[in-house]
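Undergrad: Coordinates for the following, if possible.
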Amino acid sequence: MKEEIYELMSAIEPTYWWYVARRQIIMTQVERLLRARRDPSVRPCILDYGCGTRLNLMRLATLGDAYGLVMSERAVAFCVQL
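TA: Next up is the predicted model:
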């Protein structure tokens, strides 16, 4: 992704329909997978590969220990604001 897009992405990610719908799909699927675990007492470890500017990572952190991986230093700057 072009580096300059991350600032725009961070600004619109909370409300823009694409990101909102995508986040809802992701959360629904992860919650479904977590319900099917054999030992629900163990806190899950979740990796968000390509975590962008952090919003999905923040939501995933409500379900377990969430970690993000992104290759852009500019995106990392947004992620460390958690």
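
Undergrad: need the longest helix for the chain.
TA: Ordering each helix of the chain by length in residues (DSSP state H) puts helix 17-35 first.

Undergrad: Following the chain onward from it, which element is next?
TA: For helix 17-35, the succeeding helix or strand toward the C-terminus, using DSSP states H and E, is strand 45-49.

Undergrad: Show me how far that following strand is from its chain's centre.
TA: Taking Cα atoms, centre = their mean, to the nearest Å, one finds the center of strand 45-49 at 8 Å from the center of the full chain.

Undergrad: which of the residues in that strand are buried?
TA: For strand 45-49, a neighbour-count test (16 or more other Cβ atoms under 10 Å) marks 46, 48 as buried. For glycine as for every other residue, the C-beta is placed from the backbone atoms N, C-alpha and C.

Undergrad: Repeat that for stretch 6-19.
TA: 6, 9-10, 13, 19.

Undergrad: which sections of this protein are below the confidence cut-off?
TA: By pLDDT under 70, the weakly predicted segments of the chain are 82.

Undergrad: about what we covered before: can you name the residues in contact with the longest helix of the chain?
TA: Helix 17-35 is contacted from outside by 9, 12-14, 40, 44, 46, 55-56, 59-60, 63-64, using Cβ atoms under 8 Å, 6 or more residues apart in numbering.
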